[in-house]
Structure formats: C-alpha cells, structure tokens
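In: Generate a structure from the sequence data that follows.
(3 chains)
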Amino acid sequence: MDALAPLIASAIVAGTPLMLAGLGLLVNERSGVINLGSEGMMLMGAITGFAVTIGTGSFTLGFIAGALVGMLMAGFFAWLTIWLGANQVATGLALSLFGVGASAYLGLPYAGESLLPLQFGIPFLQDIPVLGPALFRHHPLVYGSLLLCVAIAWFLGRSRPGLILRAVGESPSSAHSLGYDVRRIRLAAVLFGGICAGLAGAFMSLVYTPLWVEGMVSGRGWIALALTTFATWRPFRVMAGAYLFGGITILTYHMQALGVPIASQLLSMLPYIATVVVLVLISRNAAWIRLNMPASLGKNFNPNV
Amino acid sequence: MSGHFIRTALGAAALAMAVGAPVAAQAEEPLKVGFVYVSPIGEAGWTWQQDIGRLELEEALGDKVVTQYVEDVPEGADAERVIRDLAQQGNKLIFTTSFGYMNPTLKVAKQFPDVKFVHSTGYKTAENVAVTNARFYEARYLAGIVAGKMTQSNIIGYVGAFPIPEVLQGINAYTRGIRSVNPDAEVRVIWVNSWYDPGKERDAAIALLGQGADVLTHHTDSTATVQAAEEQGKYAVAYHSDMSKFAPKAQLVAVTHHWGDYFTNAARQVLDGTWKSDLTWGGLKADMARVEGFGPAVPEDVRALVEEKKQAIIAGTLTPFDAPVKDNTGKVILESGTFDDDALNRMNFYVEGVAGKLPRK
Amino acid sequence: MLRLERRAHPSRVMAWCSPVLAVLLTALCGALLFMAVGKDPVASLRVFFFEPIKDLQGWAEIGVKVAPLLTIAVGLSICFRANVFNIGAEGQLVVGAITAGALVLYLDDDGNGGAVLIAVALLAGVAGGMAWAGITAFLRDRFNANEILVSLMLVYVAELLLSYLVHGALIDPDGFGFPQSRLFSDGWLLPIVLSGTRLHIGIVLALVAAVVGWLYLSRSFSGFKLQVGGIAPMAARYAGFSSRSSLWISLLVSGGLAGLAGAAEVMGPIGQLTPSISPGYGFAAIIVAFVGRLHPLGVIFSSFIMALFYIGGELSQSRLGMPSAVTGIFQGILLFALLACDVLIHNRLRWRR
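Out: Coordinates of the predicted model:
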C-alpha cells in the first residue's frame, strides 16, 4: 500500500499538463475557435521556459516566458484565422508543425541540459501519512491548475463575460447583432488558450522532467485536444479526463513492475482504450452532445459580410 | 556546434589538399566518412556517444579524413535514401548506427560495392558490410555488483525500452552482478516502449521508486531516470554516457559506450586497404564498454571489487553468464560453460532475480 | 492603411497564383532563416529546392515519398469535405500494413508471389485500414463518440499493436530476436516502375486514386451528397441526404486508402514489417490535404511540395549542416504562407486613407 501515495502523486503530476492545456483549449473552443496548434505551442512554451530559467535562474520567469510565447503563437493564429479568415484546422496544424520544428531548432544549444528541480510542500498538510505525499507536495502550478478549473467553470457558468463568450461560440451572428465584438472576444479566448498551452509546456520542461529534449511533449498536445472533446467542453470533465489518462498510464507502469503477466504494449494501450470507452459511455445521448458542443466551432466569422 | 566542426574539418581538408598537392607521392584525397544517426545528438545517450566516436576519429586521423553526419533519420524507408545519398556524395566509409538500418544498409551496399559500410547492433554482414556492437552486458555485470552492494531496500529498478535481446542481455547481466554480491535483491522492470520519451521514462522511474526501489537504471536514451533518482535522494546507474553532471549525488556509476577506437581503426584500415568485413563485438577488453564515473557514495572496497571482477572478465576467467544459469521460473537454461554469441543474440528470458514475465513469442 | 476588402467573386487568378506565391514566400523566409544562421542563402535554397530534383534518382525518391502522402491525402480530402475529421489516418495506415504484411508472411513460401497475389495483399491492406476506420465510424454512428478523439486514440493503439506483433507473433524466427518480420521474398515486393530507382507501383496507384477521387467528388451523386452534407448539413438533411452514409463512406474510403498506403510502404521500400513503418505520413497527409484545398487533383501538387520539403530538409543536413528541425520549420512556414495567400482569393488588399 505504500505504492499508493506515489501512484496518486504521479497521476496528478502526469495529468496536470494535460489539464492546463485542455482548459485553455476549452475556453478557446467555447468561443467557437478550434486551435490544433496545441502541440506546437506547448513545445515552444517548454523550450522558452527552459531557456529563460537556465539563463536567469528563476523558475517564475521561465513560466512567464513560456506563457508569453504561447500567447504570441496563439496571437499569430488568431490574426490568420479571425482577421484573415483562414481555415482554422489547417492554420492550427501549421502552428503545430512550425512549433515542433522551431522548438527543436531553438533548443539545440540546450539539448540534454537539465535543471535541478525545486521541492515543494504545503507545510503541515504534507506530513499527513499517505495523503500528504500523495496530494500536498506538489508544485504550485498543480494547485494552480485546479484553481483554474474552478475559475473557468465559474466564469463560463456564472459570469456575464462567460455567458457572452458562450453566446459567441453558439451563434456569432446573434452576438454580433447584439453589439458584441465577436472578433475581439474570440481573440481573447484564443490568447488565453495560448497562455495555458505555453504554461503546460513550461510545466513539462521545468517540473515534470526538468530537462529539454526535442519533441519532449510527445503528443500530449494532441491528447489535450482530444480531452476537450471527451469532456464535452465542461471544465471539470477536462480535469477528470486528464487525471484519468495520467492515472491509468502510471498504473500500467506499476502493474509492469509488479510483474503482471501482460505484454507491456498491451498494457500501454489501456489509457487510450479507456478514454475511448468512457467517451462512448458519456456520448450515448446525441442530444446531450449537440447541447454541449459550441455550434460555431471551426467556422470563421466575418463581421463585415 | 556540429556545423562548425564540419567546416573545420572541411577547411583542414582543403588546406591539406592545397598544401599537399605539390608533395606528389604520398598526398591523397582525404577519406570521406559518413555517419547516420537515429536520433538527435543531444548531450547524452546513444547518438551522443556515437558522435564522440566520430570526433575522436577526426582528432586521430586529422586531415586524412573528412566526416559528415545526418541525424534524426527515422528507421524505415527514409534511411535507405539517406545512406544512398551519403554513398553518392563520395563517402567511402559509412557508419549506420541503429539496428533498424540493417536492411537498408545491405540494399545500398549492393549498389555501391566500393563503399564500406559498418552497421551497429545488427547481425547480417556482406562483403562490404561489417557489423559492430559492444558487450555492454559485461559492464552491466560490474555495475550490478555496485548496485547490489549499495541497495538497502533490495529492490532495484530498471527502465527498459523494448524487450529485445540486447536489452535483455543488459538486464540479465546486471541482475547476475547484483545477485553475486546480494542474493536477496530483486530487479523490477518497466518497459516504456520507446527509446526516447523522457516523460514516460520519468513516470516509470517514479513508479519503481514508489515500489521501494532505491537504485535505478535504464536502457533508454534520456537522463530522466537518473534525474528522478537524484530528485528523490536515491541512487542510479547511468547508461550510454556518464551522467554525473545531471545527477551528482545519485549516480553510483555509469555504463558507457566508446566507439572512437573502433571507428578510427576502421578508417585506418580503409585508408590502408586492409579493411575486411567482420562482426566485431568488443567488450571491456576492447574498451568499447566501460564502467566509469563512480559517484561519491561508492566506497573504496566496492570499487576495488569491481576492478577485480573487471580484470577477471578481461582475462576470460569470468563471464556474467557462467553456468548454472536459471531463468526466473526456476528452469535451468544453461548447465555448463557460458553463453556463446549465438545464444546471447537469441536471449529471450529473465534470469533468476528479475520479477515478472516476458511475453512469450 | 492597408485594408482587406471582400471580393464580390473569388478571384480565379489568385486561386492559381496563391500556391505559387506561397512557395515563393516560403523561399524568402527560408533565405532569411539561412542568413540568420550564417549560411549562404542562395546555395541553401538551391540545396533545399533544386538538389532533390536534379536527377532522375531524385525525382524517383520524391515519388517514393509522394505515393503514401498522396494516397492518404485523397482519402482525407473526401473525408474532410464531409466534415468528418479523421485525424487517425496514421493508425489506419499502420493497420493496413499489418494486415497486408501478415498475409504476405502467411502465404510467402519464397517462390510464389506475382501480380495477383500482390494485388490480394494490397487489398488486404485496404480492408485492414477500412476496418480500423470502421471502428471510428461505428462509435460515432452508434454512440455519437467524436471521431477526432476516437481516431486519434486508435493511432496509439495501432502503433502499440504493431510493436506487439513484431516483437511476438510476426517476428522473424531467424532474426536473433530483433523486432522485425522476415523479409518479404522478391515475388511479393511491389514492381518498380522506373528501373534503377526505388519508385514502385504505389505512385501509380496513388495517381489513380487521385483521379478516381476527383471523379467521385465532381461527378457522382454520392460525392455530391457528401459535400453538401459537409457545407450545409441542414440543407442536406432537408433534401434527405443521409448523413449516416456520408459518415461511413468518408471514413471507410479514407481508412481504406490509408491502409493501401501502409501496405504499399511495407511491400515496397521497406520490404518487411518493422516497428516504425511511417514517419508520420498519416498526419502529414492532413496538411497535404489542406494545402491541396481538399481537392483530389490539388493534393497531387501539395504532396509533391511536401515530399520536396522532406527531402530538401534531409539534404540540408548533410550538405549544409543544418539541424533536422529545419524541415518542420519550412513545412510550417509553407502552410502559413499558403493560408495567408489564400486569404487573397476571397479578399483584396486596398490602400485606404
């Protein structure tokens, strides 16, 4: 049973970048814009955060830098899609592709370098047996991501700006006729998505595995995208999906180490299959899906037409 | 960083040619040597060690050679094109440094009979294709001795990439080394199914630490495992490269690869015209595998024991797989003697002391 | 200042110029990039754009890369036009390779082979890809599970399945435990269409697929229904077009084509089953489809450009000492440039005070 605490702790840490990126994407998509560039933004956030931290010695500056880079990339994406009307799917893909290559290139001087990670713990709570090491010794951003989840849920569900955002996502033309600047609102949502993706990437290179290697995000950006769909665009479900995915991955490793006689490749399939199974279970009701997916997702809006 | 070296080498070669031209008899075109790498060079790991070998080759032979490399070449259809391109560009000696390049190398070799190819970790040779590998498992055995002496929980963690014979040789030799000094210790293995995914390696490392392992090692390409150990105040045995700069307190020792001598020799032989295709599998004796980078925690008597066993292996009086060898279900695999190369290359079991079961083929 | 004004009609001229303009823009950005790292821009661009096609061998290698990209992109064009986002073509490619490869390994007795059996194996690949895509279609049809998520998850499952099989059931018994299958004997390898090169019949199949795809979309009623369903789903429903059959057709077609690409890769340039049979063709094809504007004939051009960039990027490494990352950067810039230039099809730039 003393494998339980580390298991929970690793699951939480593994799920955090997925959750951070996923929450950003959720806000993004709620405004009707789908940004497939998350993998590229996360990688750029990772290398920028890493480089800045190596250069300045400050983890905080590293995180800020990662978030800013994510925001910049998202801004470029927003300009192309929201103002120039380019196809969102293609532009997002280009962003990912570019981000993968650019991060690898920028990361060349840092290849294989690593940082000594900081230790954290909430005083008092961290010493509770089992729960302490499982839940209370994490990096502040882990708790930050939980707060973010709550904040977004409140924002979307209970605040006026959140309602406006959702309206823009459902029917931009209606929002436009009500006098709301659809493009500005979408821009804000997209920028927020970029900040989250950048932070998630920086988390990978500064906390999760404090080193830089090219491509280190290894597809988590795509998983985060898939998770927003899985979560039917509701924040707490993004959290559940992220921890589910992260948790099952860690669990399969524990199973291997304990000598469970199933081939490792088959065990490694579990998180992916589990995600599909849960998705199937929660999607059975077609009306429910229609109710939750932002109706204008992926479609561009031009106020001048 | 690499471009600079190439330019330096090219510059040196050009200068050599310009200066050497009037000196009629001995002056020659420098030998062009090409390298194909499966991953980016980075700063530690398999390809990094290959590249160190390349740099040692350049240093040893100076203006007699000009090297170039292509990194991050995926195994599969692309590899053939890259290898062919290097041959077409005039490289007369080409090193293809990953087992997945084996068949592409052979195909290109057929079309370029006057180019010599050296394939790492493969098993098929041809008239102009040699194979090289290193007996890392000998060094693993020695590292196992260190791990067995230093562990207190008697649980030792191993993060592996793919269950292929080379990795299994490492696991089994390591375990044998551990058990030779500590019969109560157990090795637990997690397969991450990737040579290079630091996130997964770290997850696996933490899972092993969570199960009580206090010495970790890995057969993957990043420093994640070793760093996880450092973070949690446990020990680690590094692989491919000395990782003490990434884990100053955790690293007990590193099992490292050294290709420089082999590369230099091969190039010399091509220059002299004495190159022959063969299958070189050098270990501690040929200095292609080493244990080095002993950490501050390893006491003198353990280091001395390792040195003693190392000399025994070099002298041939000891091998990691001296009979009897039992697998971890208790069945006796080897009753007398030791494994020959063929058996080593077909290894598909866990020795006694490793927890778990390999998927049966 | 410069403003974008919507045109009354999309500009035909720009529709043709835009890709050319995009390539030029990419070349310009590339030149700047090369200068920034201290390399001669003209020489570097020459390596990137001209070196790959300077001889027949070069064109053949481009063809070897175009074949899978084009095959998959044709299928994806159809799929995306129906608004079904099959992101899992990579997984369907892998499963197609597995089924074709497994059949070959089962039937190969070192002497047989030949056209008919090769065709059978390729069909097995198509069937495999279809079946894998069919899972996505089924889950979406029956359970409303979003196809982006399901098809993407199935990519990872497919890759792990391949790894499992080449380590186990399909491994070469004389292969010293290497995770690879036996080499396919010569009778089972795809015929080469250009002697002295690696260019195999896969490229012919790809071009045929492109033409058939184009005919399907432009001339068949089924293709028409599919496209209307993608552009105006409400109108389609009103007209009685079944969105269900569009879903199945688009996924099965794109899955089948991806499977064909996978089968052609393992029966062509690779010649066996290995753990890594695709450097991400299924994902790159998504970009190829978009750059080709989801038009089966347009993707011929875009797959050529994409293949050129892959090989140009590789050559930049060995000729110029550029890092491998340069390929991804170029591909990203190309796509951005194209998207930006495409804007000019529907809008014009005007100088307004």
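
In: Run through the residues that contact C:Arg182.
Out: Applying C-beta atoms under 8 Å, 6 or more residues apart in numbering or on different chains to C:Arg182 gives the contacts C:Leu105, C:Asp108, C:Asp172, C:Pro173, C:Asp174, C:Gly175, C:Gln272. The way it works is simple: take the backbone N, C-alpha and C, and place the C-beta from them, glycine included.

In: should've said A:Leu116
Out: Contact analysis of A:Leu116 by C-beta under 8 Å, 6+ apart lists A:Pro210, B:Glu230.

In: for it, phi and psi?
Out: Dihedral pair for A:Leu116: phi -80, psi 120, per degrees, to the nearest 10.

In: what's across from C:Arg348 in the sheet?
Out: C:Glu5 (DSSP bridges).

In: State the mean pLDDT of stretch B:56-68.
Out: Per-residue pLDDT values over stretch B:56-68 give a mean of 91.

In: buried sites along that stretch?
Out: Neighbour-count burial for stretch B:56-68, counted by 16 or more other C-beta atoms under 10 Å in any protein chain shown, picks out B:Glu56, B:Leu57, B:Glu58, B:Ala60, B:Leu61, B:Asp63, B:Lys64, B:Val65, B:Val66, B:Thr67, B:Gln68.

In: Just the ones of those in helices?
Out: In helices, defined here by DSSP state H, the members of the buried residues of stretch B:56-68 are B:Glu56, B:Leu57, B:Glu58, B:Ala60, B:Leu61.

In: Looks like the second one contacts B:Val33 (just checking).
Out: Yes - B:Leu57 is in contact with B:Val33 according to C-beta atoms under 8 Å; the separation is 6.9 Å.

In: With adjacent residues omitted, what lies nearest to residue 120?
Out: Using chain A here. Leaving aside its sequence neighbours, A:Phe120 sits nearest to A:His139 (C-beta to C-beta, 6 or more residues apart in numbering or on different chains; 5.4 Å).

In: To clarify, I was referring to chain C.
Out: In space, and not counting its chain neighbours, C:Val120 is closest to C:Leu103: 7.2 Å by C-beta to C-beta, 6+ apart.

In: Check C:Lys65 too.
Out: C:Ala307 (3.8 Å).

In: Read off the pLDDT value for the one you found.
Out: 92.

In: for the one 3 residues further on, same thing?
Out: As predicted, C:Tyr310 sits at a pLDDT of 86.

In: same thing with the one 10 residues further on?
Out: The predicted local distance difference test score for C:Leu320 is 80.

In: hang on, it packs against C:Val47?
Out: Yes - at 5.7 Å, C:Leu320 counts as touching C:Val47 under the criterion of C-beta under 8 Å.

In: what's the residue nearest to A:Phe120 in contact with, if anything?
Out: Contacts for A:His139 (C-beta under 8 Å, 6+ apart) come out as A:Val13, A:Leu118, A:Phe120, A:Phe203, A:Val207.

In: Following whichever helix or strand B:Val270 is part of in sequence, what is the next regular element?
Out: Using DSSP states H and E, B:Val270 sits within helix B:260-272. Remark: after helix B:260-272, the chain's next helix or strand is strand B:279-282, criterion DSSP H and E.

In: neighbouring strands for that following strand, and are they parallel or not?
Out: According to DSSP bridges, strand B:279-282 has the following sheet partners: strand B:129-134 (parallel).

In: Tell me, what's the model's pLDDT at residue 284?
Out: Chain wasn't specified; assuming chain A. What the model reports as pLDDT for A:Arg284 is 71.

In: should've been chain B
Out: So B:Leu284 comes in at 87 (pLDDT).

In: repeat for C:Ala261
Out: Model confidence at C:Ala261, given as pLDDT, is 96.

In: That one: what's it in contact with?
Out: So C:Ala261 contacts C:Ala67, C:Pro68, C:Thr71, C:Ile72, C:Leu93, C:Gly96, C:Gly202, C:Ala206, C:Tyr281 (C-beta under 8 Å, 6+ apart).

In: if you set the cut-off to 6 Å instead, what comes out?
Out: Contacts for C:Ala261 (C-beta atoms under 6 Å, 6 or more residues apart in numbering or on different chains) come out as C:Pro68, C:Thr71, C:Ile72, C:Leu93.

In: can you check A:Phe192 too?
Out: A:Phe192 touches A:Val27, counting by C-beta under 6 Å, 6+ apart.

In: With the one 3 residues further on instead?
Out: Contacts of A:Ile195 were listed using C-beta under 6 Å, 6+ apart, and they are A:Ala67, A:Gly70, A:Met71.

In: picking that back up, what is in contact with B:Leu57 and B:Val33 at once?
Out: The contact sets of B:Leu57 and B:Val33 overlap at B:Ala267 (C-beta under 6 Å, 6+ apart).

In: re the thing from before, please work out which residues outside the helix or strand harbouring the residue nearest to C:Lys65 touch it.
Out: C:Ala307 belongs to helix C:298-315 when assigned by DSSP H and E. Helix C:298-315 has contacts (C-beta under 6 Å, 6+ apart) with C:47-48, C:51-52, C:62, C:65-66, C:69-70, C:73, C:77, C:210, C:288-289, C:291-292, C:326-327, C:330-331.

In: and the next helix-or-strand element following it with chain A, contact?
Out: Following helix C:298-315 in sequence order, the next helix or strand is helix C:326-346 (DSSP H and E). Yes - judged by C-beta under 6 Å from any C-beta of the partner chain, helix C:326-346 and chain A are in contact via C:Gly328, C:Ile329, C:Gln331, C:Gly332, C:Leu335, C:Phe336, C:Leu339, C:Val343.
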